[in-house]
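Return atomic coordinates for the entry below.
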Amino acid sequence: MLPLNFATNRRGNYRILCLGAHSDDIEIGCGGSILQLLQRHRNLDFHWVVFSSGHKREREARRSAGLFLRGAAKENVVVHDFRNGYFPSVLSDIKDYFEELKAEISPDIIFTHTRHDLHQDHRALNQLTWNTWRNHVILEYEIPKYDGDLGTPNFYIPFDRKIGARKIKYLMDCFGTQRDKHWFTPDTFHGLMRIRGIEANSEGGLAEGFYARKVVLGG
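Now for the predicted structure:
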C-alpha cells in the first residue's frame with residue numbers, strides 16, 4: 001500500500017530505500033523528489049545504497065548523500081565497490097547483499113533503476129530489486145544518457161524551481177569527477193525536470209518521472 005500522505009499517526013517512521021548503481025545515480029534519478037519529501041515531512045528514515053564507487057567517488061557519494069538527506073529522521077548510507085560495468089558478471093555477489101538487505105529493512109518505498117535502462121549495471125539492480133521485494137512500492141527512476149532510453153513515466157513527483165536548483169547545485173558541487181562529461185551539465189538536469197513538470201502539470205514547473213509497474217491500493 002502506498003503511503004500517499006506520509007501521515008504522522010502511524011507507529012514508527014516511513015522507511016525509504018534508495019538504490020543506485022553508481023555514486024550519482026540516486027541524485028540524478030530522484031534527488032528532487034527526495035528533497036521535496038524531506039521539505040514536507042520529517043518522519044522519514046532513509047537507507048541509501050551505492051553499489052559502485054572507488055575512493056574518490058565514494059567521498060563524492062557520501063558528501064552528496066549528506067546534503068540530500070538533511071532533515072531526515074534517520075539515515076544510513078552504504079557505499080560498495082562492485083566493479084563498474086561488470087554487475088551481470090558478479091550478480092551472485094550482489095544478490096547475496098540484497099538478501100542481507102532484505103533481512104535488515106522492509107521499506108515503504110523503494111527507489112531503483114528502471115527495467116528498460118540500457119546500462120547493464122542499472123538493469124541488474126532493477127532485476128534484483130524486483131526479485132527481492134514482492135510486497136513493496138517500487139518506483140523506478142530514469143537516467144538521461146547517450147543510449148536514448150528515456151520512456152514514458154506513469155508516476156510523477158512535482159516540485160518547484162527552488163528544489164530543482166538545489167538538486168542541480170548539489171550535483172555540480174559534489175561530483176567533480178563527472179564534470180568533464182559533456183552531458184553532466186545543469187541544462188541536462190533542468191531540461192528533463194522541466195519536461196516531466198509539463199507532463200505532470202506541476203504548479204512549481206518541475207517534476208521527476210518514475211515507472212510504477214505494480215501498485216496496490218489498500219482499503
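
per-residue pLDDT, residue 12?
Turning to residue 12, the model gives it a pLDDT of 84.

Next, count neighbours for it.
Counted with other Cβ atoms under 10 Å, the neighbours of residue 12 add up to 9. Where you see a C-beta, it was placed from the backbone N, CA and C, and this is true even at glycine.

who's in contact with residue 179?
Counting by Cβ atoms under 8 Å, 6 or more residues apart in numbering, residue 179 touches residue 172.

same thing but 10 Å
Contact analysis of residue 179 by Cβ atoms under 10 Å, 6 or more residues apart in numbering lists 171-173, 185.

check contacts around the most centrally placed residue in the chain.
Note on the chain: the residue nearest the mean C-alpha position is residue 26, at 3.5 Å, using Cα atoms, centre = their mean. By Cβ under 10 Å, 6+ apart, the contact list for residue 26 reads 18-20, 34, 48-50, 61, 64-65, 68, 111-113, 141, 143.

coming back round to it: including neighbour count, could the contacts of residue 179 go into a markdown table?
Converted to a markdown table, these look like this (neighbours: other Cβ atoms under 10 Å):
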| residue | neighbour count |
| --- | --- |
| 171 | 23 |
| 172 | 15 |
| 173 | 13 |
| 185 | 14 |
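
a markdown table for those residues, including pLDDT and distance to residue 135?
Output for the contacts of residue 179, formatted as a markdown table (pLDDT from 0 to 100; distance: Cβ to Cβ, whole Å):
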| residue | pLDDT | distance to residue 135 |
| --- | --- | --- |
| 171 | 98 | 33 |
| 172 | 98 | 38 |
| 173 | 97 | 38 |
| 185 | 97 | 39 |
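
Appreciated, that's everything.
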